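1. pasting the structure only:
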């Protein structure tokens, strides 16, 4: 079955640094991969989608890479701020449904 | 973007009872999904709610336990039947963005606690 792993459950960084989150998957070749943000007590919010033929996608301070050979996506937040503190989920499509990883909880301290 | 309203936002239920969660979308959408998020876990897809036909359930989820209705393109319900403490979870409704590239919008979730 499809397996999605996010490298760590928690990541703590200092304000201004770049946060890098990892998402690895097995047993599938998705056409695209997505990243979501989830705040406590809220539903996930879509951030970025990257297709299999795209190496990199950017949106403001966010950057996502997608390596289909390594079966890995990296999610970067540059110049991180305390407001970036949240859980970040990666997701990929399996048979027309989105399957999510467990998420990485990012804490940015000032 | 789609605005998704879920009711109830939270509830405390007794073992053996059933609870129906409602999901209302402010626009017509083709695809609606129900997810479960257990404490400390990620989202697990329960089923795809199909308009006018039976829902499509994921492995490990059955219609008798999680009956789903989808009477039109803006509304769906999920019932959690014969609840046990293991059903304590957040249940989330989501929709596929119309005209999008595959991203989902989520409701705020319904937090159920079963005693």
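-> In hand now; what should we look at? This structure is a prediction, so every number in the text was calculated from the model and none was measured.
2. since we're on residue B:27, how many residues are nearby?
-> By the measure other C-beta atoms under 10 Å in any protein chain shown, the count of residues near residue B:27 is 13. Quick note: C-beta positions are derived from backbone N, CA and C, even for glycine.
3. now do residue A:41
-> The number of residues packed around residue A:41, counting by other C-beta under 10 Å, is 11.
4. residue contacts, it?
-> Residue A:41 makes contact with B:108-109, B:111, according to C-beta atoms under 8 Å, 6 or more residues apart in numbering or on different chains.
5. report the buried members of the residues you listed.
-> Restricting the contacts of residue A:41 to buried positions leaves B:109, B:111, with burial counted as 16 or more other C-beta atoms under 10 Å in any protein chain shown.
6. closest to residue B:56 among the contacts of residue A:41?
-> Sorting the contacts of residue A:41 by how near they are to residue B:56, with C-beta to C-beta, puts residue B:109 at the top with 21.3 Å.
7. got the contact list for the closest one?
-> The neighbourhood of residue B:109, defined by C-beta under 8 Å, 6+ apart, consists of A:41-43, B:6, B:9, B:37, B:90-92.
8. ok, back up a step: save the contacts of residue A:41 as JSON lines, and put in pLDDT and secondary structure too.
-> Written out in JSON lines, the entries for the contacts of residue A:41 read as follows (pLDDT from 0 to 100; DSSP: H, G, I helix; E, B strand; the rest coil):
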{"residue": "B:108", "pLDDT": "94", "secondary structure": "coil"}
{"residue": "B:109", "pLDDT": "95", "secondary structure": "coil"}
{"residue": "B:111", "pLDDT": "96", "secondary structure": "strand"}
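9. could you single out the nearest of the contacts of residue A:41 to residue B:80?
-> Compare each of the contacts of residue A:41 with residue B:80 using C-beta to C-beta and the shortest gap goes to residue B:111, at 12.1 Å.
10. for that closest one, which non-adjacent residue is closest in space?
-> The spatially closest residue to residue B:111, leaving aside those adjacent along the chain, is residue B:10, at 4.2 Å (C-beta to C-beta, 6 or more residues apart in numbering or on different chains).
11. wait, doesn't the one you found sit right on residue B:108?
-> No. Using C-beta atoms under 8 Å, residue B:10 is not in contact with residue B:108, being 10.1 Å away.
12. picking that back up, between the contacts of residue B:109, which has the most around it?
-> Neighbour counts for the contacts of residue B:109, by other C-beta under 10 Å, peak at residue B:92, which reaches 28 neighbours.
13. I'd assumed that residue was in a strand, is it?
-> Yes. Going by DSSP: H, G, I helix; E, B strand; the rest coil, the assignment for residue B:92 places it inside a strand.
14. just checking, it touches residue B:45?
-> No. Contact between residue B:92 and residue B:45 fails when scored by C-beta under 8 Å: they sit 10.0 Å apart.
15. overlap in contacts of these two?
-> Contact criterion C-beta under 8 Å, 6+ apart; residues bridging residue B:92 and residue B:45 by contacting each: B:34-35.
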